[in-house]
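Undergrad: missing the sequence, but the structure's below:
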Ligand code: CIR
C-alpha cells in the first residue's frame with residue numbers, strides 16, 4: 001500500500017501546483033487480489049485485474065438541488081443539500097478505507113458536478129475526457145482534464161477535439177462505460193453516449209476493444225452502469241427484470257460468451273439500484289440498499305462479498321438517487 005501511495009504522491013509532486021485537496025491515507029492492509037471460492041467444490045478463483053491507486057471525487061455543489069432528474073427516485077421530493085453532503089462524506093470515508101481519495105473543490109454553478117464518473121474514462125495512464133451527453137454538464141470536464149493531464153501527467157485524449165465533423169458531435173457519459181478488467185463495454189443509448197464516442201474511446205484507450213452494448217434508456221436506467229456493474233473480472237451484478245436480461249444477453253453475445261448466466265449475481269427487480277456497486281482491488285465493495293430493511297438483497301450482497309473476502313460496506317446515497325445518481329458515479333478510480 002505504501003508503494004501505491006508513493007506512486008500517487010510522486011505523480012502529484014510532478015505537478016506545478018500543490019494539490020491541497022483531501023488526499024487521505026487508506027486505513028486497511030495489503031490488498032488481497034484473489035480469493036478462493038470456498039462454498040463449492042470447484043476451484044474457481046475470483047480475480048480483480050485492476051489495481052487502483054487513486055480515486056478522484058468532487059464535493060457536492062450548493063446548486064445540487066437543481067441537478068437533472070428523470071427517474072421516479074425523487075417522488076417529488078427536493079434534494080436536501082445538507083443530507084447529500086453528509087451522505088457524500090460517508091461515501092468518501094468508505095472509499096478511503098481502500099484507496100487514497102483526491103476530492104476536488106465543489107463547482108457550485110454546475111449542479112451535477114459531483115458525478116465525476118461521467119467526465120472521464122481512464123484505463124492505466126490513458127484517459128479520455130468525455131463530452132457529456134446532457135448539454136448542462138459539458139463545462140464539468142475542464143477541471144478534470146487539467147487534474148489528469150497537468151497534475152497527474154496522464155496521457156489525455158479530449159473527445160471534444162476528436163469528433164469526425166470537427167463539431168464535437170460525439171458525446172459520452174462515463175456512466176455508460178463498464179470496464180470489467182477483461183472487457184470494455186460501452187452502453188450506447190443514443191441519449192448520453194453515441195457510437196462516434198465509442199470510436200474515440202477506442203482510439204484514446206489503446207489496445208483494448210471497446211464493445212458496443214446498445215440499450216434503451218429509461219427512467220430507471222440512465223446509464224449502462226445503472227443496469228449492470230462488475231464485482232470481479234468475471235462476476236456481473238444484474239437486476240432480475242426484462243432490462244437486466246436483455247442487457248446481459250447483449251453482453252454475452254457481444255463478448256463471444258466472455259460471460260455466461262452462471263457468472264451473474266441477480267438482485268430482485270425492486271433492488272435494481274443496488275446493482276451499481278464500487279468494487280476496489282479485490283478488497284472492498286461499496287454497496288447500497290434501496291430500503292434498509294431489504295434483508296434479501298443485503299444477504300445476497302453480503303454472501304457475494306464473503307465468498308470473495310471482500311470487505312463490504314453499505315453506504316446510502318438517497319439524495320443522489322433523487323437525481324439518478326448511484327455509487328459509481330461519485331468517483332473515478334485510476335490505476336496509474
Ligand atoms: C445526470 O442526469 O446526468 C445526473 N443527474 C446523474 C448522473 C449520474 N451519473 C452516473 O450514474 N454515472
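TA: Arrived safely, thanks for sending. Remember, it's a predicted structure, so these values are computed and weren't measured experimentally.
Undergrad: hey, where'd the helices end up in the stretch 101-250 of the chain?
TA: Secondary structure of the stretch 101-250 of the chain by DSSP state H, counting those that start in this stretch: the helices cover 141-145, 195-205, 242-254.
Undergrad: how about the last one: buried residues?
TA: Spelled out, that is helix 242-254. Residues of helix 242-254 classed as buried: 243-244, 247-248, 250-252, 254 (neighbour count, 16 or more other CB atoms under 10 Å). (C-beta placed from N, C-alpha, C; glycine too.)
Undergrad: how about low-confidence regions in the protein?
TA: 1-45, 72-76, 164-166 (pLDDT under 70).
Undergrad: Longest helix in it, please.
TA: For the chain, the longest helix by residue count, based on DSSP state H, is helix 81-96.
Undergrad: list the helices and strands that one packs on?
TA: strand 54-58, strand 101-104, strand 284-287, helix 318-321 (3 or more CB pairs under 8 Å, 6 or more residues apart in numbering; DSSP states H and E).
Undergrad: Nearest to residue 178, out of those?
TA: Residue 178 lies closest to strand 284-287 among these, at 15.9 Å (CB to CB).
Undergrad: Now do the residue of the stretch 101-250 of the chain found nearest the ligand: how many residues are near it, please.
TA: The ligand sits closest to residue 175 of the stretch 101-250 of the chain, with a gap of 2.5 Å, by CB to the nearest ligand atom. Applying other CB atoms under 10 Å, we find 26 residues neighbouring residue 175.
Undergrad: Would you convert the helices and strands packed on helix 81-96 into JSON lines that also reports distance to the ligand and mean neighbour count?
TA: Output for the helices and strands packed on helix 81-96, formatted as JSON lines (distance: least, CB to the nearest ligand atom, whole Å; neighbours: other CB atoms under 10 Å):
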{"stretch": "strand 54-58", "distance to the ligand": "12", "mean neighbour count": "23"}
{"stretch": "strand 101-104", "distance to the ligand": "16", "mean neighbour count": "21"}
{"stretch": "strand 284-287", "distance to the ligand": "14", "mean neighbour count": "25"}
{"stretch": "helix 318-321", "distance to the ligand": "8", "mean neighbour count": "22"}
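Undergrad: Quick one: those as TSV, columns for distance to residue 155 too.
TA: Shown next, in TSV, are the helices and strands packed on helix 81-96 (distance: least, CB to CB, whole Å):
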stretch	distance to residue 155
strand 54-58	16
strand 101-104	18
strand 284-287	27
helix 318-321	31
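Undergrad: Ok, which of these comes nearest residue 218?
TA: Of all the helices and strands packed on helix 81-96, helix 318-321 sits nearest to residue 218, with 15.5 Å by CB to CB.
Undergrad: Residue 52 looks like it's in a helix, true?
TA: No: using DSSP: H, G, I helix; E, B strand; the rest coil, the assignment for residue 52 is coil, not a helix.
Undergrad: Write out the residues of the protein neighbouring the ligand.
TA: By CB under 6 Å from any ligand atom, the residues of the chain that approach the ligand are 67-69, 112, 115, 117-118, 134, 137, 173, 175, 222-223, 323-326, 329.
Undergrad: Mind checking which of the residues you listed are buried?
TA: 67, 69, 112, 115, 117-118, 137, 173, 175, 222-223, 323-326, 329.
Undergrad: Which member of these is positioned nearest residue 302?
TA: Using CB to CB, residue 326 is the member of those that lies nearest residue 302, at 18.9 Å.
Undergrad: which non-adjacent residue is nearest the closest one?
TA: Closest residue in space to residue 326, ignoring its immediate chain neighbours: residue 276 at 3.8 Å, by CB to CB, 6 or more residues apart in numbering.
Undergrad: and the helix or strand harbouring residue 297, what does it pack onto?
TA: Assigned by DSSP states H and E, residue 297 falls within helix 295-307. The contact analysis (3+ CB pairs under 8 Å, 6+ apart) places helix 295-307 against strand 264-267, strand 284-287, strand 311-314.
Undergrad: tell me which residues in stretch 92-103 are buried?
TA: Neighbour counts using 16+ other CB under 10 Å place 92, 94-103 of stretch 92-103 among the buried residues.
Undergrad: For the ligand, state which of those residues is nearest.
TA: The closest of the buried residues of stretch 92-103, once distances to the ligand are taken by CB to the nearest ligand atom, is residue 95, at 15.5 Å.
Undergrad: picking up where we left off before, could you tell me the angle between the longest helix of the chain and strand 54-58?
TA: Helix 81-96 runs at 180 degrees relative to strand 54-58, counting by axes from the mean of the first three to the mean of the last three CA atoms, to 10 degrees.
Undergrad: who's in contact with helix 81-96?
TA: When contacts are defined by CB atoms under 8 Å, 6 or more residues apart in numbering, helix 81-96 is touched by residues 22, 24-27, 55, 57, 59-60, 62, 64-65, 101, 103, 114, 278, 280, 284, 286, 313, 315-320, 327, 330-331.
Undergrad: same thing but at 6 Å, please
TA: When contacts are defined by CB atoms under 6 Å, 6 or more residues apart in numbering, helix 81-96 is touched by residues 24, 55, 60, 64, 101, 286, 313, 315-317, 319, 330.
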